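Engineer: just coords:
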């Protein structure tokens with residue numbers, strides 16, 4: 001794939017790829033700006049999106065100056081090199097051409113700039129195609145949102161009681177915790193509730209805080225009861241993966257560890273629960289803007305009328 005796209009972007013300095021770039025400083029950048037761009041995504045986790053420009057700029061700077069570089073304190077010659085690397089990643093073709101002429105006496109630097117520019121363009125083209133695919137997939141989003149679901153009930157809880165464990169997990173992932181926990185309390189009281197759903201609900205309600213403080217919040221009894229069910233093996237079904245990002249998973253692990261450190265029951269849960277490898281949930285319904293709606297992927301596959 002890379003080789004095919006790379007051939008398509010040759011020559012990589014052509015202005016036809018300028019649409020992919022949003023310049024910050026085509027006429028020169030102060031050290032503060034270069035340092036900010038370098039640090040912009042420094043705490044990103046592996047599953048978090050980092051724009052190609054930032055990713056490659058950071059890698060280039062580290063390759064040339066090392067991981068401990070302090071851009072603000074660099075000398076003027078070093079800053080000129082940093083700016084050239086920046087231009088290859090962020091600026092349009094005219095600026096890149098100019099920078100190449102500035103480094104014509106340094107073939108190694110020119111080669112580094114050329115390769116970097118090509119890789120940035122390739123990644124940006126891939127991102128552009130991915131975004132085009134995403135937009136096509138969700139082109140009927142508003143049609144789905146307007147579709148009437150096949151459930152009836154006087155209250156949200158009435159609808160919840162007609163759903164499957166996969167739907168319950170989806171509702172938990174989309175839940176507005178300011179709306180209370182009545183529905184989540186009912187779901188997690190069912191033996192058919194998947195363990196991952198119960199765990200997600202528990203961790204979302206800050207069990208570490210509840211276990212280590214005298215907070216008398218309205219949800220404290222529910223949090224303790226839910227922790228007791230998980231600790232006691234109340235849930236026989238553990239089919240689903242938790243389905244959260246690495247950052248949320250890390251936060252959940254900290255909550256569990258903080259609660260477990262009390263040495264008391266019902267907080268003796270292990271991180272194995274969080275790291276359990278289950279299948280992705282496949283819901284029929286979702287929850288948005290306080291309403292139960294069809295999940296888009298289900299609606300598209302099973303409910304949406306065929307396009308003429």
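Structural biologist: Sure thing, it's come through. Please read all numbers here as calculations on a predicted model, not as lab measurements.
Engineer: Low-confidence ranges, the stretch 101-250 of the chain, go.
Structural biologist: 215-216 (pLDDT under 70).
Engineer: what do you get if the cut-off is 90, keeping everything else the same?
Structural biologist: 213-218 (pLDDT under 90).
Engineer: Which parts of it are strands?
Structural biologist: Per DSSP state E, counting those that start in this stretch, the stretch 101-250 of the chain carries no strands over any range.
Engineer: residue boundaries of the helices in it?
Structural biologist: 107-137, 141-146, 156-160, 165-174, 182-188, 195-204, 207-212, 220-231, 246-260 (DSSP state H, counting those that start in this stretch).
Engineer: tell me the domain ranges of this structure?
Structural biologist: 2-137, 151-303 (automatic domain parsing).
Engineer: out of those domains, nearest to residue 143?
Structural biologist: With respect to residue 143, and counting by CB to CB, the nearest of those is domain 151-303 at 8.5 Å. For glycine as for every other residue, the C-beta is placed from the backbone atoms N, C-alpha and C.
Engineer: ok so, going back, same list (the domains of the chain) but as TSV, adding distance to residue 144 and mean neighbour count.
Structural biologist: Shown next, in TSV, are the domains of the chain (distance: least, CB to CB, whole Å; neighbours: other CB atoms under 10 Å):
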stretch	distance to residue 144	mean neighbour count
domain 2-137	11	15
domain 151-303	5	17
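Engineer: Let me have the ones you listed in JSON lines, adding distance to residue 143 as columns.
Structural biologist: Output for the domains of the chain, formatted as JSON lines (distance: least, CB to CB, whole Å):
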{"stretch": "domain 2-137", "distance to residue 143": "13"}
{"stretch": "domain 151-303", "distance to residue 143": "8"}
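Engineer: Please name whichever of the helices of the stretch 101-250 of the chain is nearest to residue 44.
Structural biologist: Using CB to CB, the nearest of those to residue 44 is helix 246-260, at 9.2 Å.
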